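1. Model the structure of this input:
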Amino acid sequence: MLNIFEQTLSHMMLHIEAEKSVGHIPQPLFLIGSFGSGKTTLLIELARRLRENGWGESVQLLDGKEFFSSNDIIKAIEGTDYDGTRPLKGNGDRRRIVIIDDLDFFFNRSPFDDQYLLRNYLYQPEAPMLIAAVPKISEALADYKAPFFEGVRTIYIPAITQDSLSETLNLPEEKAKRLSALLAYLPPVIRSVKIACDIIDRSDWPDNDLKELATLSAPIYRARFENLPAYSQKILMSLSKSASPLNLSQLRELISAPAGSLSPYLQQLVQDNTIRKTDPEKRGTPYEITDKLFKLWLSNGS
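-> Next up, the predicted model:
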């Protein structure tokens, strides 16, 4: 396992150790990491280690995609509906631990009023400790009116670096170069490493690596591209064929578009983060495609 994963697991285990005894209100822990960063893998490994270290049935691993209300979660933990008056199911001196992956699905479906029921349930001395994974700090954690705005701890999964990969994977020099070249087109998360390693393992030809990567992404990018207006498509094709960013005048000339016709499409593409200005503070700044892999796919003929 990558060193950054071990470090993250170590921080989580230290938190659990500090909160394991019943008799005080446990502090929920939220694991923050973008899509593909390894949140699910970390939570499964955390549950496995806890069970191996004597926690046994005190650990529950749940899927947040299944929950639409606080009562759904409490029922999954307690085995029945909870009205706030019945005593919680105890477990001796060791606190129960509830690990929920993808809790953002619950947050997106449940209003604050309902989320307060879960908070009231968890903020009791005999309650289980919540450890949950979410992709980002949403309003469920950032809005001062939100039930989980305060009284929680957050741990971020660090981005993968070339140094951490070199220490862990110990690849031959040629494969390390190929991996580095592929990761330049991918977000710095564990899923990207797996995708890149699979491409390298399937072929001994480095020249085919980027083409294979673009092919893997083709269904997603094709659907994304085909749903855009014609002028947006022309803007993206022009940017993908250019070795350097292009400003509005250059794009208008390449596309043969009337004056004033491209600005709304450029604004929408910037708003969607499909393209960006190379210097947002200056007028007339050139544009470039944000996603390098999307640009690669487009330049290869989409």
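2. just the strands in the stretch 101-250 of the chain please.
-> 129-134, 153-156 (DSSP state E, counting those that start in this stretch).
3. out of those strands, deepest packed?
-> Ranked by mean neighbour count, the strands of the stretch 101-250 of the chain are led by strand 129-134 with a mean of 24 (mean count of other C-beta atoms under 10 Å). Using the backbone N, CA and C atoms, a C-beta is placed for each residue, glycine as well.
4. Who are the packing partners of that one?
-> Under the contact definition 3 or more C-beta pairs under 8 Å, 6 or more residues apart in numbering; DSSP states H and E, strand 129-134 sits against helix 3-19, strand 29-32, helix 39-50, strand 97-101.
5. Can you read off the pLDDT for L182?
-> Note on L182: pLDDT of 91.
6. Now for it: which residues touch it?
-> For L182, the contact set (C-beta atoms under 8 Å, 6 or more residues apart in numbering) comprises I195, A196, I199, I200, D209, L210, L213.
7. Please list the residues outside stretch 294-302 that contact it.
-> If you take C-beta under 8 Å, 6+ apart as the criterion, stretch 294-302 is touched by 185, 210-211, 213-214, 217-218, 221-222, 224-225, 236-237, 239-241, 274, 289.
8. Please pick the buried ones from those.
-> Using 16 or more other C-beta atoms under 10 Å as the burial test, those include 185, 210, 213-214, 217, 221, 224-225, 236-237, 239-240, 274, 289 as buried.
9. Let me have these in CSV, extended by pLDDT and distance to I25.
-> Formatted as CSV, the buried ones among the contacts of stretch 294-302 follow (pLDDT from 0 to 100; distance: C-beta to C-beta, whole Å):
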residue, pLDDT, distance to I25
Y185, 89, 46
L210, 90, 52
L213, 91, 48
A214, 88, 51
S217, 87, 46
Y221, 93, 48
R224, 92, 46
F225, 95, 51
L236, 96, 52
M237, 95, 57
L239, 96, 53
S240, 94, 54
T274, 95, 45
I289, 95, 49
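10. Surely P245 and P286 touch.
-> Yes. Counting by C-beta atoms under 8 Å, P245 touches P286, with 3.4 Å between them.
11. what is in contact with the two at once?
-> In contact with both P245 and P286: T278, using C-beta under 8 Å, 6+ apart.
12. element containing L62, please.
-> strand 59-63 (DSSP states H and E).
13. Leaving out sequence neighbours, find the closest residue to G38.
-> Spatial nearest neighbour of G38, excluding adjacent residues (C-beta to C-beta, 6 or more residues apart in numbering): I190 at 3.9 Å.
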